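A.B. asks: I'll drop the sequence and a predicted model, then ask my questions.
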Amino acid sequence: MKLSILGGGGFRVPYVYQALLRDTGSPRIEHVVLHDIDEGRLASMARLLAELAEGHGDAPKVTATTDLDTAVEGSDFVFAAIRVGGLHGRTCDERVALDLDVLGQETTGPGGLAFGLRTIPVMLDIARRVKALAPHAYVINFTNPAGMITEAMQTVLGDRVLGICDTPSGLGRRVAAALGVDGSRVRMDYVGLNHLGWMRGVHHDGRDLLPELLADDDLLGGLEEGMVFGRSWLRDLGLIPNEYLYYYYFNRDAVRSIIDSGRTRGEFLVEQQTAFFDRVAREDGPGAVSLWRETVANRSASYMAEAKADHAAGAAATDVSDPEEHGYAQVAVGVMAAIARDEPVSMILNVRNGTTVAALPPDAVVEIPVTVDGRGLHPHTVTAPDLHQSGLMQQVKAVERLTISAAVTGSRSDALQAFSLHPLVGSVTVGRQLLDGYIARIPQVAAVFDR
Ligand code: G6P
Ligand code: MN
C-alpha cells in the first residue's frame, strides 16, 4: 500500500516510520511519500528515515516530493500533520494572546483559532486533491486544531477523514496501568471535543474501576492527571479530564506561569528545531538518527511540564519512557491496520457526531470511542455528558464553527465573534484586539480576510 505523509519534514515523522517498521501484518505500507514545502527539511528527513531503515530487509520505500498531487495520487492512506506558517506562526499564536493577558497556546484558546483560520483553507484544498486523485484513500488527520480541521475536511471527504490525538489514548493507557488492568480489555467512557474531553468511567469485567482510582491517594497522586489537576479537584469532579482542560480549570495560573517563564513552547521549539535541522544539513558529527533522539529526549521542557511540576510538589514521575513511542504514530498506524486488514479495534478518535451526543449537531466532529474495521468507523454509545460538559462543548463548538465559517468565507464578523465568544477570552474588546493582532502579525491570517 502507499502512504503519503503531508508535513513530511515534520519532527514526529520518524515516530511514524518506526511504527511502520514494527508493523509486520499484511497488507502493509510498502511505499511512503513524504510531502513538504521545505525542500531542505524533506532531504534531511529522507536521510534520517534511510538510517532508521538500515538492517530492516523489508523497510517501506521512501520517496520525497514538494508536489502535492504527486504525493497524494493513488495513495491508500494520507497522514496530514502540517503547520501553516511554521513554528514562527505558532509563536505569534502564543504571543499575541499572552500580550493581552489571555492564554497563548497552540490549540486551546485564541491561539488555536488563529491557527485554525490560516490552516483551514490549505486543508480544504488538500481534501479536494485527495478526493480527485485518491478517492478511496482514508485521511488520518493530526493537523491541529485537529477537531476543527477534521470537521472542515469532512465537508469534502465525509467519513473518509478522521482526526487523531494522542492524549485520550495516553490517558486511557495511564489509567489502565495505574489500575493494573489490561488496557485492551477496558471500555473507556470518554466524551468531548479534541483537547476538551472527560473520562467518566473505566469499565472492566462489567465493573467501573474509576471510583477506586479516585479514592486511592497513591494511585491518583502517581497519575499525571493527579499531578496536573491535584487529587482533590479530580475527586470533586468525580472524573478525569483530558490534560488540556488544565487551561480551563487553571486558566489564570496557566497564563501567569507562561508569562513568568519568559518563553513560550513555540519559542523553545523554534530554537531546538532550527539547531537540529541545521546540524543534520551540515552532515558533520553523529548521524541524523542519534541527533534526533538526543533532541526529542530534551523536548519535554514545556510549560505544561512546568505546570505539572508545580502541582506535583515533589511527587516523583512514574513513567520515564518516551511517551511518544506509543503516541500519535501508534494510534495512526493502528487505525490504518484496522481498516486495511479488517481487524476491529477500539480507539478514541475525532469523528462525525451523528446521534452520539444529543447536545451537539450531527455534523459536528467529536472525540469519542469508536470501533474501526474494514468497513470504516462505528461510534460507541456513550453516557450523555452532564450540563457542565455539554455547556462547555457547545460553547467551544460554536466558536470552532464561526472560525471555520470565517476561514471559508473571509467574514470578519464571524472571526470577531469566534474570538469574542471563546470562553477563555472574556471580552469583546479583547476579541477585537486579538483579531487585529493576528492579522497584523501573521500574513496567512491576513490573507483569509484579504480577498
Ligand atoms: C500533544 C497534543 C498534540 C500537540 C502536541 C504539542 O501531543 O496531542 O495535539 O500538537 O502535544 O507538542 P509540542 O511538543 O509541539 O509542544
Ligand atoms: Mn492532540
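C.D. replies: Yes, it's here. Residues are numbered from 1 along each chain as shown. Ligands and ions are numbered 1, 2, ... in the order given.
A.B. asks: what about Ala440, neighbour count?
C.D. replies: Ala440 is flanked by 12 other residues according to other Cβ atoms under 10 Å. C-beta: built from backbone N, CA, C; applies to glycine.
A.B. asks: Excluding residues flanking it in the chain, which one is nearest it?
C.D. replies: Ala446 (7.6 Å; Cβ to Cβ, 6 or more residues apart in numbering).
A.B. asks: Thought Ile439 was touching that neighbour, still the case?
C.D. replies: Yes. At 4.8 Å, Ala446 counts as touching Ile439 under the criterion of Cβ atoms under 8 Å.
A.B. asks: where does the stretch 1-150 of the chain come near ligand 1, residue by residue?
C.D. replies: 106-107, 144 (Cβ under 6 Å from any ligand atom).
A.B. asks: Would you mind measuring from Pro423 to Leu68?
C.D. replies: Going from Pro423 to Leu68 by Cβ to Cβ, to the nearest Å gives 36 Å.
A.B. asks: neighbour count winner among the two?
C.D. replies: Remark: of Pro423 and Leu68, Leu68 carries more neighbours, 17 against 13, as counted by other Cβ under 10 Å.
A.B. asks: which residues does the more buried one contact?
C.D. replies: For Leu68, the contacting residues are 6, 35, 126, 129, by Cβ atoms under 8 Å, 6 or more residues apart in numbering.
A.B. asks: The second one contacts Thr66, doesn't it?
C.D. replies: So the one you mean is His35. Yes. Counting by Cβ under 8 Å, His35 does reach Thr66; the two are 7.1 Å apart.
A.B. asks: in this structure, what secondary structure element scores lowest on mean pLDDT?
C.D. replies: In the chain, no helix or strand scores lower on mean pLDDT, DSSP states H and E than helix 303-312, which sits at a mean of 53.
A.B. asks: before we move on, what SS does Leu392 have?
C.D. replies: helix (DSSP: H, G, I helix; E, B strand; the rest coil).
A.B. asks: Could you chop the protein up by domain?
C.D. replies: Under the assignment automatic domain parsing, the domains of the chain span 2-86+96-166, 387-449.
A.B. asks: still on that earlier bit, how much space between the residue nearest to Ala440 and Leu68?
C.D. replies: Distance from Ala446 to Leu68, counting by Cβ to Cβ: 23 Å.
A.B. asks: same question, Arg341
C.D. replies: From Arg341 to Leu68 the distance is 28 Å (Cβ to Cβ).
A.B. asks: Tyr138 too?
C.D. replies: Distance of Tyr138 to Leu68, computed by Cβ to Cβ: 17 Å.
A.B. asks: Bridged to the residue in the stretch 351-451 of the chain that ligand 1 sits nearest to, which residues?
C.D. replies: The stretch 351-451 of the chain approaches ligand 1 most closely through Glu367 (10.9 Å), counting by Cβ to the nearest ligand atom. Per DSSP bridges, the residues bridged to Glu367 are Gly192, Asn350.
A.B. asks: residues touching it, list them.
C.D. replies: 147, 163, 165, 168, 190-194, 196-197, 348-350.
A.B. asks: can I get those residues in CSV with pLDDT?
C.D. replies: Listed next are these as CSV, based on pLDDT from 0 to 100:
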residue, pLDDT
Gly147, 98
Gly163, 98
Cys165, 96
Pro168, 96
Tyr190, 98
Val191, 98
Gly192, 98
Leu193, 98
Asn194, 98
Leu196, 98
Gly197, 98
Ile348, 97
Leu349, 97
Asn350, 98
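A.B. asks: Show me where the stretch 251-400 of the chain dips below the pLDDT cut-off.
C.D. replies: Judged by pLDDT under 70, the stretch 251-400 of the chain has its weakly predicted residues at 284-286, 300-326.
A.B. asks: Give the burial count for Ala337, as a bare number.
C.D. replies: Using other Cβ under 10 Å: Ala337 sits among 20 other residues.
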